[in-house]
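Below: sequence and its predicted model.
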Amino acid sequence: MAIKKRRFRHKRQSRRRPINVLASALTCAGLYCGMASILAAIDQRFTHASVFIFSAVIFDILDGTVAKMTKTTSEFGKQLDSLCDLVSFGAAPAVLIYTAYLFEERTGGSPIGHYGAIMAIIYVICGALRLARYNVFQSEVRDYFTGLPIPGAALTIASFVLFTHYYEWAVAFWILGPMTLGLAYLMVSTVRYPKDRIKNIALKPRSAFRLLFYCAVLFAVIHYAIEESPALVLFPATAMYVLYGLGEELYNRLRKREFRSESDGQEQLPDYSVPAASVSVPEKNRDDL
């Protein structure tokens, strides 16, 4: 009887927490884009590979939005989303950056290809650590991300590839290598990046006229991207997001140092606010003076 009751309770709990099929389907669509990006990068179609990564980001945003709107977030959806993100935003950008630049077959016996493979592997490992840390420790934090989000790192790499291919630049290894390692380090660092700040600015703006000005600038940028090429806008935008977190972290650390120095200086000063004559001496110690 006890075994039957446990099975019945398990069935009731599974019924109470159904799987959101639409959100899971969108997550799998993002995984499809990630695998398509890997295959396109292997075939030396770097532009298509970058576009597939951007498509995976769109599906990643949609699946979370659908799950929140329908109030059907579950542990299954969170784990599926992390596994798909590791492929779409971890493995796919690493393969893209390795096949596009880090692997130089023309150099013959040059060790650049081996270094590129190592950097691509480091990028994937840091992405996996970033996702695991988020799921275990930071999934309930709403104000900020600790470390660069892995979709942001993937977008930076994909937009960089589109940017350089638009101008037909041959990017040197000494530029792309540090960039890859820097993004990998930022994913596992403690640098904070805004999470719900953009949503709060849009829904609860402090200054409506300032928000309208930003919207006008955004429309102008979108128009320029449509007229010229999205590659001219995407990479500067992603680079500004990466640098924004670094700048804010540096600013906060400088403010903390100034506050500590001011507090230490105040503690070292003696307190002369109480006159010496007003200090009372206990009765039993007056004879000792």
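Perfect, I can see it now.

where's A231 relative to N252, distance?
From A231 over to N252 the distance is 33 Å, taken as CB to CB, to the nearest Å. For every residue, glycine as well, the C-beta is placed using N, CA and C.

Of those two, give the one with the bigger neighbour count.
A direct count of neighbours by other CB atoms under 10 Å for A231 and N252 places A231 higher, at 21 against 12.

low pLDDT regions in this structure?
Within the chain, the segments meeting pLDDT under 70 span 1-19, 103-113, 196-211, 214, 262-289.

what ranges do the helices span in it?
For the chain, applying DSSP state H gives helices covering 2-16, 21-42, 46-70, 75-85, 92-97, 112-133, 150-167, 173-188, 197-203, 208-227, 231-268.

Could you check how far L246 is from I122?
19 Å.

cool, and F160?
17 Å.

Give me the more crowded residue out of the two.
Neighbour count, other CB under 10 Å: between F160 and I122, F160 has more, with 27 against 15.

these two touch, right, the more buried one and M179?
Yes - the pair F160 and M179 qualifies as a contact (CB atoms under 8 Å) at a distance of 7.3 Å.

Mutual contacts of those two, please.
Jointly contacting F160 and M179 under the rule CB atoms under 8 Å, 6 or more residues apart in numbering is no residue at all.

what's the neighbour count on L131?
20.

so what's it up against?
L131 is in contact with 82, 85-86, 90, 150, counting by CB under 8 Å, 6+ apart.

One more: L96?
By CB under 8 Å, 6+ apart, L96 lies in contact with 37-38, 41, 46, 49-50, 53, 157-158, 161.

ok, so what distance separates A231 from T72?
For A231, the distance to T72 equals 37 Å [CB to CB].

quick one on the thing from earlier: would you format the contacts of L131 as TSV with neighbour count included?
Listed next are the contacts of L131 as TSV, based on neighbours: other CB atoms under 10 Å:
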residue	neighbour count
S82	18
D85	26
L86	20
G90	23
I150	27
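
Excluding residues flanking it in the chain, which one is nearest F46?
Of all residues not flanking F46 in the chain, A100 sits nearest, at 4.9 Å (CB to CB, 6 or more residues apart in numbering).

Might one say that the one you found is in contact with V161?
Yes - in terms of CB under 8 Å, A100 counts as a neighbour of V161; the distance is 5.7 Å.

what do the two both touch?
F46.

Looking at those two now, which is surrounded by more residues?
Ranked by neighbour count (other CB under 10 Å), A100 and V161 place V161 first, with 25 against 21.

wait, doesn't that one sit right on I97?
Yes - the pair V161 / I97 is scored as a contact, 7.4 Å apart, by CB under 8 Å.

check contacts around T70.
T70 neighbours (CB under 8 Å, 6+ apart): 20, 22-23.

Out of those, which end up buried?
Buried subset of these (neighbour count, 16 or more other CB atoms under 10 Å): 20, 23.

With distance to R133 as added columns, please give the contacts of T70 in TSV.
Below are the contacts of T70 laid out as TSV (distance: CB to CB, whole Å):
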residue	distance to R133
N20	25
L22	28
A23	23
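
With adjacent residues omitted, what lies nearest to A94?
Per CB to CB, 6+ apart, closest to A94 is A120, 3.9 Å.
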